[in-house]
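**Student:** sequence unknown, structure follows:
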């Protein structure tokens, strides 16, 4: 490294700790919001407009040559231009690009909140419905970018911000590929997070919009499972798994299972497109809550429908019918018994009459003989006896 380069690197390190630096006579740097391999993001005050912004500083590693520096500068300017072309509320807004210290500084909208990676790590897994909301917001940004000929190529949880008001913002277009621009990635090199790189990119094929949709599928998987798909610990092992191994079954995806599998299809021609993915994510958002409601206690107050009630009038009518039938049966039986008794009585009466008839004839003959003997009519008792039966015996 030349003396000039060492001096420049020293100035960068010194200024990184200087939170009061005024950039371009307008943006006063404050706290460091984050650091990456190629830059530092600062909180800053726009003293001209009186607003808080984020400033992304490009930092050169100490061991790179001039060609690599030019490549990094080109990439930073491409990022700013790519973001500026996207019209979507879930894309971060670029306000300005400042050229200072022979390198660009991007002035952007400051999004107060956490990255999705921090949310998963600190607050826990997302419920399927919330994961679908995040996925849909990112999908809408990607669709807007793809219409402008821009591939993000680095969709992952750490590049998605969740604002304090719930807004979802896709950031870091630092390795975006813009249609028509020459590639700035060194031949044989692959830039991105291995777990979120699509199989076609891992094989060295030219990517299209489907490659970003694969990364979106990996992001949704990580949101509900807590770990990225195909993660094997090392870059080579992970990329090999991406190309050859089946997806490990998600345990917490619920209604998101089909959209995850559709987005993580290894064949880009069979992968869900943005329209199909959008419809499926909307269905999860608009559908019933995927969480299972807890069982209520056994003595919980409930509202339940009344059971079917028997027809009381029909019951009474049936009882009456049964009572009437029983009475009619009893009456019929009683009548039959009465007829039998009557028949026996009539038979006995006929027998009595026959017997009385015989006795009456004998009495009449005796009375006639007595009358002839005495010359007097028979007594009334005898006459009566002849009509009603034998008279009781009288002493002589």
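**Tutor:** Cool, got the structure. Just so you know, these numbers come straight off a predicted model, no measurement behind them.
**Student:** ok, now which ones touch residue 137?
**Tutor:** Taking CB atoms under 8 Å, 6 or more residues apart in numbering, we find residue 137 in contact with 90, 167, 168, 170. Backbone N, C-alpha and C define where each C-beta goes, glycine included.
**Student:** Could I get the phi/psi values of the first one?
**Tutor:** Looking back up the chat, that one is residue 90. Backbone torsions of residue 90, given as degrees, to the nearest 10, read phi -100, psi 10.
**Student:** Which positions in stretch 57-68 come out as buried?
**Tutor:** Using 16 or more other CB atoms under 10 Å as the test for burial, stretch 57-68 gives 57, 58, 59, 60.
**Student:** typed the wrong thing, it's stretch 147-160
**Tutor:** Buried residues in stretch 147-160 (16+ other CB under 10 Å): 150, 151, 152, 153, 154, 155, 156, 157, 158, 159, 160.
**Student:** filter the contacts of residue 137 to the buried ones?
**Tutor:** Buried residues within the contacts of residue 137, counting neighbours by 16+ other CB under 10 Å: 90, 168, 170.
**Student:** pLDDT score for the closest residue to the second one other than its chain neighbours?
**Tutor:** For residue 168, ignoring the flanking residues on the chain, the nearest one in space by CB to CB, 6 or more residues apart in numbering is residue 137 at 3.6 Å. The per-residue pLDDT reported for residue 137 equals 97.
**Student:** same check, this time on residue 330
**Tutor:** On the pLDDT scale, residue 330 gets 51.
**Student:** swap in residue 287?
**Tutor:** pLDDT, residue 287: 89.
**Student:** any idea of the mean pLDDT for stretch 164-171?
**Tutor:** According to the model, stretch 164-171 has a mean pLDDT of 94.
**Student:** Endpoints of that stretch, how far apart?
**Tutor:** One end of stretch 164-171 sits 16 Å from the other (CA to CA, to the nearest Å).
**Student:** one step back: measure the residue nearest to residue 168 to residue 172 for me?
**Tutor:** As for residue 137, its distance to residue 172 is 15 Å (criterion: CB to CB, to the nearest Å).
**Student:** re the thing from before, let's have the buried ones among the contacts of residue 137 in CSV, adding distance to residue 122.
**Tutor:** Listed next are the buried ones among the contacts of residue 137 as CSV, based on distance: CB to CB, whole Å:
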residue, distance to residue 122
90, 22
168, 17
170, 20
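**Student:** Nearest to residue 103 among those residues?
**Tutor:** residue 170 (24.4 Å; CB to CB).
**Student:** check contacts around the closest one.
**Tutor:** Taking CB under 8 Å, 6+ apart, we find residue 170 in contact with 90, 91, 92, 137, 138, 141, 142, 152, 155, 159, 160.
**Student:** taking those residues one by one, which sit in helices?
**Tutor:** 137, 138, 141, 142 (DSSP state H).
**Student:** Now restrict these to buried residues only.
**Tutor:** Counted by 16+ other CB under 10 Å, the ones in helices among the contacts of residue 170 give 137, 138, 141, 142 as buried.
**Student:** any idea which of those is closest to residue 230?
**Tutor:** Checking those against residue 230 with CB to CB, the nearest one is residue 138 at 19.3 Å.
**Student:** Would you check how far apart the closest one and residue 35 are?
**Tutor:** Distance from residue 138 to residue 35, by CB to CB: 24 Å.
**Student:** returning to what we had before: redo the buried ones among the ones in helices among the contacts of residue 170 as JSON lines? Include distance to residue 242.
**Tutor:** Shown next, in JSON lines, are these (distance: CB to CB, whole Å):
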{"residue": "137", "distance to residue 242": "25"}
{"residue": "138", "distance to residue 242": "20"}
{"residue": "141", "distance to residue 242": "23"}
{"residue": "142", "distance to residue 242": "19"}
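**Student:** Show me where the stretch 201-350 of the chain has its helices.
**Tutor:** Counting by DSSP state H, counting those that start in this stretch, the stretch 201-350 of the chain has helices at residues 209-225, 235-244, 257-263, 274-286, 312-374.
**Student:** And the stretch 1-150 of the chain, by the same measure?
**Tutor:** Assigned by DSSP H, counting those that start in this stretch, the helices in the stretch 1-150 of the chain fall at 3-16, 66-85, 116-123, 128-147.
**Student:** Contact partners for residue 195?
**Tutor:** Per CB under 8 Å, 6+ apart, neighbours of residue 195: 156, 218, 222, 228, 229, 230, 231, 238, 242.
**Student:** Next, count neighbours for the nearest residue to it once chain neighbours are set aside.
**Tutor:** Excluding its sequence neighbours, the residue lying closest to residue 195 (CB to CB, 6+ apart) is residue 228, at 3.6 Å. Using other CB atoms under 10 Å, the number of residues around residue 228 comes to 18.
**Student:** Please apply the same query to residue 200.
**Tutor:** Residues near residue 200, counting by other CB under 10 Å: 20.
**Student:** is it true that it touches residue 268?
**Tutor:** Yes: counting by CB atoms under 8 Å, residue 200 does reach residue 268; the two are 5.5 Å apart.
**Student:** Pull up the overlap in contacts between those two.
**Tutor:** Both residue 200 and residue 268 are in contact with 210, 211, where contact means CB under 8 Å, 6+ apart.
**Student:** Any regions of this structure where pLDDT drops low?
**Tutor:** Applying pLDDT under 70 to the chain flags residues 1-19, 37, 180-189, 289-300, 302-306, 308-345, 347-396.
**Student:** Could you rerun that using 50?
**Tutor:** By pLDDT under 50, the low-scoring segments of the chain are 1-16, 186-187, 290-293, 331, 359-367, 369-396.
**Student:** Would you mind giving the domain segments of this protein?
**Tutor:** Domains of the chain are assigned by automatic domain parsing as 12-110, 111-288.
**Student:** First residue to last residue on the last one, what's the distance there?
**Tutor:** The straight-line separation of the ends of domain 111-288 (CA to CA) is 31 Å.
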